[in-house]
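Novice: The following block contains a protein sequence and its predicted model.
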Amino acid sequence: MSPRERRARPARGAMESLLRIVHGLQAAGIVFGALASWGVTRDWPAPTAFAVVGVLLIATMPLLRHPWGWVVSLAVQAAVASLTVFEPVWGVVALILVGLWIFCFVKARGIERQRRAAGLDPRGAPGS
């Protein structure tokens, strides 16, 4: 099968698109959180924990295309919030980032619900 004969990837739905954006923002925030925790404590578990959660955020992005992908993303949100144990100030950042995730999740559900009600494919493909 040549590259031209590959099947086109289905359109991304609102849920996948919005949660991918949030994961990217969180990964960027975690980089700065890891740098801050290293600068404050110089203790290896904190930056390592930040790095692990950052890699987890990026690694779970492809799973968001599945209908159950949001459940995996929710579990990663718990990991993002748990970093507060290593850096207490991170609690404020985590509150904002997890709040953004909740907002995007609710918004995406609403968009997909409206598309279904209109008889359209919730992923953005033309309805049949």
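Specialist: That came through fine.

Novice: Roughly how far does the residue lying closest to Arg115 once chain neighbours are set aside sit from Val22?
Specialist: For Arg115, the nearest residue in space outside its immediate sequence neighbours is Pro122; the separation is 4.6 Å by Cβ to Cβ, 6 or more residues apart in numbering. Heads up, the C-betas are built off the backbone N, CA and C, glycines and all. Look at Pro122 and Val22: by Cβ to Cβ, to the nearest Å, they are 19 Å apart.

Novice: Pull the contacting residues for Glu16.
Specialist: Residues counted as contacts of Glu16 (Cβ atoms under 8 Å, 6 or more residues apart in numbering) are 64-65, 69.

Novice: Now rank those by neighbours and give me the top one.
Specialist: Leu64 (21 neighbours; other Cβ atoms under 10 Å).

Novice: quick one, what contacts the spatially most central residue of the chain?
Specialist: Ranked by distance to the mean C-alpha position of the chain (Cα atoms, centre = their mean), the top residue is His23 at 2.9 Å. Under the criterion of Cβ under 8 Å, 6+ apart, the contact list for His23 reads 57-58, 60-61, 64, 73, 76.

Novice: 7 Å instead, please
Specialist: For His23, the set of contacting residues under the criterion of Cβ atoms under 7 Å, 6 or more residues apart in numbering consists of 57, 61.

Novice: Go through the helix or strand in which it is found and flag the buried ones.
Specialist: Counting by DSSP states H and E, the element that carries His23 is helix 14-41. Under the neighbour-count criterion of 16 or more other Cβ atoms under 10 Å, helix 14-41 has 14-20, 22-23, 25-27, 29-30, 33-34, 36-38 buried.

Novice: just the helices in this structure please.
Specialist: Assigned helices in the chain, in chain order: 14-41, 45-59, 69-82, 90-117 (criterion: DSSP state H).

Novice: Looking at those, which is nearest to Arg6?
Specialist: Closest to Arg6 of the helices of the chain is helix 14-41 (Cβ to Cβ; 19.5 Å).

Novice: which stretches of this structure have low pLDDT?
Specialist: By pLDDT under 70, the weakly predicted segments of the chain are 1-5, 8-10, 124-128.

Novice: Could you measure from Thr84 over to Gly91?
Specialist: Relative to Gly91, Thr84 is positioned 4 Å away (Cβ to Cβ).
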